[in-house]
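[1] 3D, please:
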Amino acid sequence: MRLAFLGALSLAGCQPAESGADNAVDRAEEELPPEVKPLPIGATAPADIGGAWRVAGVNGKEIALDWGVSAEIETGREAARLTRIRVQSQCIWFERTFLHDGMRLLPAPPPPPPGGEESATRPIVTMCARGLLPQEEAMKAALMGAEWAYRLPDGSLVLDGSAGTLTLFTQ
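    Model prediction:
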């Protein structure tokens, strides 16, 4: 009798939680509070993001251009937390500077104005006589809106934010 009771008790502990339990994993993403950022399974804080990278995708889609798109990430500038990310696609490049803190990419303080004039950021510099292609527009938007940086188990570095994602692999 005792053995049957202990067996029933141990099985009761294996039962799923009530269906009304409040578990963020079970709720749909749109039901989460806006300050909660669900990350992909296996996402980890990148130890070091500096170096040369290949831009492989934007917003979950592979970049299908006839040339490679690169990203150069320079870390440790000034206050040792400033990170400059420069993306180059053929003769067009754009860049952004962040304060990198774990997985967070925080806005960098504005540079001092040159000669007392108001300083303008340089989100895009055109070095050739063509406009941006749709993929380049999407890459620029994703970089300018990036709020998170994380590594995935496949070795990729993802820059993620309100305007989309950039997926990078080491070169």
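
[2] Could I get the pLDDT score of Gly76?
    Gly76 is assigned a predicted lDDT (pLDDT) of 76.

[3] was I right about it contacting Gly50?
    Yes. Using C-beta atoms under 8 Å, Gly76 makes contact with Gly50 at a distance of 7.3 Å. To be clear about C-beta, it is placed using only N, CA and C from the backbone, and glycine gets the same treatment.

[4] higher neighbour count, these two?
    Neighbour count, other C-beta atoms under 10 Å: between Gly76 and Gly50, Gly50 has more, with 15 against 12.

[5] Restrict stretch 62-77 to CA atoms and write it as PDB.
    Output of stretch 62-77 as PDB, limited to C-alpha atoms (Å, rounded to 0.1, in the frame of the first residue of the first chain):
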ATOM      1  CA  GLU A  62      20.500  35.600 -47.300                       C
ATOM      2  CA  ILE A  63      22.000  38.600 -49.100                       C
ATOM      3  CA  ALA A  64      21.900  37.800 -52.800                       C
ATOM      4  CA  LEU A  65      24.300  40.200 -54.400                       C
ATOM      5  CA  ASP A  66      27.000  39.500 -57.000                       C
ATOM      6  CA  TRP A  67      29.700  40.700 -54.600                       C
ATOM      7  CA  GLY A  68      30.500  40.200 -50.900                       C
ATOM      8  CA  VAL A  69      29.400  42.600 -48.300                       C
ATOM      9  CA  SER A  70      31.900  43.100 -45.400                       C
ATOM     10  CA  ALA A  71      31.700  44.600 -41.900                       C
ATOM     11  CA  GLU A  72      34.700  45.900 -40.000                       C
ATOM     12  CA  ILE A  73      34.200  46.100 -36.200                       C
ATOM     13  CA  GLU A  74      36.600  48.200 -34.200                       C
ATOM     14  CA  THR A  75      36.400  47.800 -30.400                       C
ATOM     15  CA  GLY A  76      38.000  49.500 -27.500                       C
ATOM     16  CA  ARG A  77      37.900  53.000 -28.800                       C
END
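
[6] Since that was my last question, I'll sign off now.
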